[in-house]
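> Make a model of this:
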Amino acid sequence: MAAARILVVDDELIMRESLARWLERDGHTVETAASGEEALARCRAARYEILLLDIKLEGMSGLEVLRRVKEDDPDAAVIMITAYGSIPTAIEAMKHGAADYLLKPFEPEELGVVIENLLRRQQQTRETLYLRERVAEAARFENLIGQSPAMQEVFRLIADVAPTDAPVLIDGETGTGKGLAARAVHSLSARREGPFVAVHCAAIPETLMESELFGHRKGAFTDAKETKRGRLEMAHGGTLFLDEIGEVGVRTQIDLLRVLEDGVFYRVGGTQPLEADFRVIAATNLDLDRAVREGRFREDLFYRLNVVRITMPPLRRRKQDIPLLAEHFLRRYALEARRPIERIGRDALDAMMVHDWPGNVRELENAIERAVVVGKGPQIRAEDLPIGRPVPPAAPAVRLEEVEREHIRRVLDESGWNITRCARLLGIDRSTLYGKIRRYGLRKPS
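Predicted structure coming up:
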């Protein structure tokens, strides 16, 4: 257990000395105060990790000391000590910011457990704030929000890997924020002053991929009317983000592997080597491990990209973040639409908490945007949200890909093959939709 500086406040000498002795035995630095006034004077002169404060003091009460301490330092950690008959007072103290309370009489072991738990919570809070501050340095990434353990692990990985130049593979379902995580890594890196160049691999036909990535010299092929810089060249000194890397063909995989191995590349039709001075971040919503096993993705390229992997959790597995995200989107879209919607109603929040969110954070964002547009009154109601519609269960023998293909085909047909509208209904972006249309061989009815 980490050592802490603790102030014990009790007007009984024997109690003060006993508590100090127990705490010092556990390695803590302990000071004591015999009254509320003395405690406040000590708190103004020094900072303590924990205050151990008796509720019933002669003169100024423990509750009054708590109130004044919290006024001076809202983050102060105070543990109240109370007798059995003062439990309601202890509960009142918790409402006013006390971190915990101990019920007299208690054993040294019980005191040790309460102190250890509080110190652990303080450490977790410090780590969370540190990671959030580092990730928040990238001001454009306000959607990368979450207090859940899963998102704290994402923040930790981003903070750890960003200062290095190691390739990063970000995987996760559509709409989980892979692009936001990639931008956060870039903005926390030594390359943050350089460009962040995103390549939406699923939206680029394989026949154009080589020219798009590497650029070309004038006259390299029939339509090469002028020399063109490719995405790799544009990313010089910065970060190259290969979104939906699992969608690229074998030829492109070989070309990318060669760049990563040799550190140089050539424009199409060119003979002058160009330095590959960029950090590579790749993202995918596919199971690349499986694609490697099935021979659809090169194993050597996979290992080149998969130096550090960040997995973005689906929203259904971090539902405790939904209220935080929803409030964030509400503030943004209410301001943009100039609508006087101030809060999310309890019925709406309940509906959001039970919904599975197959489109993840992007679906939630779209739902809140719609609710702001169609909502009436000062709060969002459940009926304003485009969720809660029953979905027929898929047959157990049907592959997930087949279910997704049929669902996309149906939404495309219902939207008249309006790509923008279909992508919004599906909760994905246009480039991802184009990739899935190509992947599943979907064709617009004649």
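
> what residues go with each domain of the protein?
With domains defined by automatic domain parsing, the chain comprises 5-126, 149-311, 315-384, 400-439.

> what would the ones you listed look like in JSON lines with distance to P445 and mean neighbour count?
For the C-beta atoms, the positions are set from N, CA and C on the backbone; glycine is no exception. Formatted as JSON lines, these follow (distance: least, Cβ to Cβ, whole Å; neighbours: other Cβ atoms under 10 Å):
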{"stretch": "domain 5-126", "distance to P445": "55", "mean neighbour count": "17"}
{"stretch": "domain 149-311", "distance to P445": "22", "mean neighbour count": "18"}
{"stretch": "domain 315-384", "distance to P445": "25", "mean neighbour count": "18"}
{"stretch": "domain 400-439", "distance to P445": "7", "mean neighbour count": "16"}
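
> Make a markdown table out of the ones you listed and add mean pLDDT.
Shown next, in a markdown table, are these (pLDDT from 0 to 100):
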| stretch | mean pLDDT |
| --- | --- |
| domain 5-126 | 89 |
| domain 149-311 | 92 |
| domain 315-384 | 91 |
| domain 400-439 | 79 |
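
> residues in contact with M234?
Taking Cβ atoms under 8 Å, 6 or more residues apart in numbering as the contact definition, M234 lies against P195, V197.

> wait, L19
V8, D10, V30, L52, L111.

> Would you mind checking which of those is nearest to R421?
Among the contacts of L19, L52 lies closest to R421 (Cβ to Cβ), at 61.4 Å.

> hang on, the earlier thing: just the ones of the contacts of L19 in helices?
The members of the contacts of L19 that map onto helices under DSSP state H are L111.

> With distance to I408 added, can I get the contacts of L19 in JSON lines?
Below are the contacts of L19 laid out as JSON lines (distance: Cβ to Cβ, whole Å):
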{"residue": "V8", "distance to I408": "65"}
{"residue": "D10", "distance to I408": "68"}
{"residue": "V30", "distance to I408": "65"}
{"residue": "L52", "distance to I408": "61"}
{"residue": "L111", "distance to I408": "60"}
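
> Which stretches in the stretch 301-446 of the chain count as helices?
Using DSSP state H, counting those that start in this stretch, the helices of the stretch 301-446 of the chain run over residues 322-337, 346-354, 360-374, 400-414, 419-426, 430-439.

> Compile these into a markdown table and extend it with columns for distance to T239.
Below are those laid out as a markdown table (distance: least, Cβ to Cβ, whole Å):
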| stretch | distance to T239 |
| --- | --- |
| helix 322-337 | 25 |
| helix 346-354 | 34 |
| helix 360-374 | 22 |
| helix 400-414 | 30 |
| helix 419-426 | 25 |
| helix 430-439 | 18 |
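
> Mind checking those for the one nearest to P273?
helix 430-439 (30.4 Å).

> ok, and what's touching the closest one?
Residues contacting helix 430-439 (Cβ under 8 Å, 6+ apart): 174, 200-203, 243-244, 247, 285, 404-405, 408, 412, 419-420, 422-423, 426, 428, 442.

> before we move on, what about stretch 309-327?
So stretch 309-327 is contacted by 145-148, 150-151, 154, 157-158, 161, 168-173, 175-178, 181, 344, 349, 352-353, 356-357, 360-361, 363-365, 368 (Cβ under 8 Å, 6+ apart).

> These in strands, which ones?
Judged by DSSP state E, these include V168, L169, I170, D171, I344 as members of strands.

> distance of the first one from E261?
Put plainly, it is V168. 18 Å (Cβ to Cβ, to the nearest Å).

> circling back to that earlier point, nearest to N306, of the helices of the stretch 301-446 of the chain?
Of all the helices of the stretch 301-446 of the chain, helix 430-439 comes closest under Cβ to Cβ, at 20.6 Å.

> sorry, back to before: any chance of the ones in strands among the contacts of stretch 309-327 in CSV, with distance to R251 too?
As requested, the ones in strands among the contacts of stretch 309-327 are exported to CSV (distance: Cβ to Cβ, whole Å):
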residue, distance to R251
V168, 24
L169, 21
I170, 24
D171, 23
I344, 49
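
> Could you single out the nearest of those residues to A20?
I344 (48.2 Å).

> Please name the residues that touch the closest one.
P323, A326, E327, L330, M352, Q379, I380.

> How about D165?
S189, A190, R191, R279.

> Wait, the last one touches H186, no?
Yes - shown here, R279 and H186 form a contact pair, counting by Cβ atoms under 8 Å, at 7.4 Å.

> what is in contact with these two at once?
G238, T239.

> Could I get the full set of helices for the stretch 151-300 of the chain?
So, for the stretch 151-300 of the chain - with DSSP H, counting those that start in this stretch - the helices run 178-187, 206-214, 231-234, 250-262, 288-293, 299-305.

> Could I get those in TSV, plus columns for distance to G97?
Output for the helices of the stretch 151-300 of the chain, formatted as TSV (distance: least, Cβ to Cβ, whole Å):
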stretch	distance to G97
helix 178-187	33
helix 206-214	56
helix 231-234	52
helix 250-262	53
helix 288-293	48
helix 299-305	48
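
> check which helix or strand covers R121.
helix 108-136 (DSSP states H and E).

> Now the terminal residues of stretch 198-211, how far apart.
15 Å (Cα to Cα, to the nearest Å).

> Also stretch 45-63?
21 Å.

> Check stretch 49-68 too.
16 Å.

> And the contacts of that stretch?
4-12, 15, 19, 23, 35-37, 39-40, 43, 69, 76-83, 86, 89-90, 92-93, 96-98, 115, 118-119, 122.

> does R16 sit in a helix, a strand or a coil?
helix (DSSP: H, G, I helix; E, B strand; the rest coil).

> Make 28 the starting number, not 1.
OK, 28 is where the count begins now, so the last one is R43.

> Who are the contact partners of it?
V35, D37, T59, A61.

> can you do 6 Å?
V35, D37, T59 (Cβ atoms under 6 Å, 6 or more residues apart in numbering).

> same deal with Q406?
Applying Cβ under 6 Å, 6+ apart, the residues near Q406 are R370, G372.

> what's the closest non-adjacent residue to V181?
I337 (6.1 Å; Cβ to Cβ, 6 or more residues apart in numbering).
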